[in-house]
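# Structure, please.
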Amino acid sequence: MSEMSPLARLMLRAMRVGVLGVAGFAILVIAIEAAKRWVGGGFGSMSRTDVSFFAVLAALLFGSLYLARSITRELRKSGT
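Numbers count the residues shown, from 1 in each chain. You can find the predicted model right below:
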């Protein structure tokens, strides 16, 4: 297997930073929305759309963390 070019490594590193930024933003939005629900009557007053929104945010978070993990593994693999 040939070694990865320096430009490809740079692009993968930039993608990894961006994906981790997306994960951080998803965590921030989840925290803000959870705080709003907690102050606004607790989690028992959540509607179906609120639960769906949290599910979409959780899927985005897990997907971005999985992608960041995959990019990290690819960067480590190509160096050997």
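
# need the helices for the protein, in chain order.
6-39, 48-78 (DSSP state H).

# Run the chain-centre distance for the first one.
A distance of 5 Å separates the C-alpha centroid of helix 6-39 from that of its chain, computed with C-alpha atoms, centre = their mean, to the nearest Å.

# What is it packed up against?
With contacts taken as 3 or more C-beta pairs under 8 Å, 6 or more residues apart in numbering; DSSP states H and E, helix 6-39 sits against helix 48-78. Heads up, the C-betas are built off the backbone N, CA and C, glycines and all.

# Now mean pLDDT and mean neighbour count too, for the helices of the chain, in CSV please.
Below are the helices of the chain laid out as CSV (pLDDT from 0 to 100; neighbours: other C-beta atoms under 10 Å):
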stretch, mean pLDDT, mean neighbour count
helix 6-39, 93, 13
helix 48-78, 92, 14
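
# List the contacts of I30.
By C-beta atoms under 8 Å, 6 or more residues apart in numbering, the contact set of I30 is 54, 57-58, 61.

# State the distance from it to E74.
For I30, the distance to E74 (C-beta to C-beta, to the nearest Å) stands at 27 Å.

# ok, now L61?
For L61, the distance to E74 - C-beta to C-beta - is 21 Å.

# same deal with A68?
Distance of A68 to E74, computed by C-beta to C-beta: 11 Å.

# what does M46 give?
M46 is 39 Å from E74, by C-beta to C-beta.

# ok, now G21?
Note on G21: its distance to E74, by C-beta to C-beta, is 19 Å.

# same question, L28
To E74, L28 is 27 Å away according to C-beta to C-beta.

# cool, and Y66?
Distance from Y66 to E74, counting by C-beta to C-beta: 13 Å.

# Now do the shared contacts for those two.
Common neighbours of Y66 and E74, using C-beta under 8 Å, 6+ apart, do not exist here.

# Excluding sequence neighbours, find me the nearest residue to L75.
L12 (5.6 Å; C-beta to C-beta, 6 or more residues apart in numbering).
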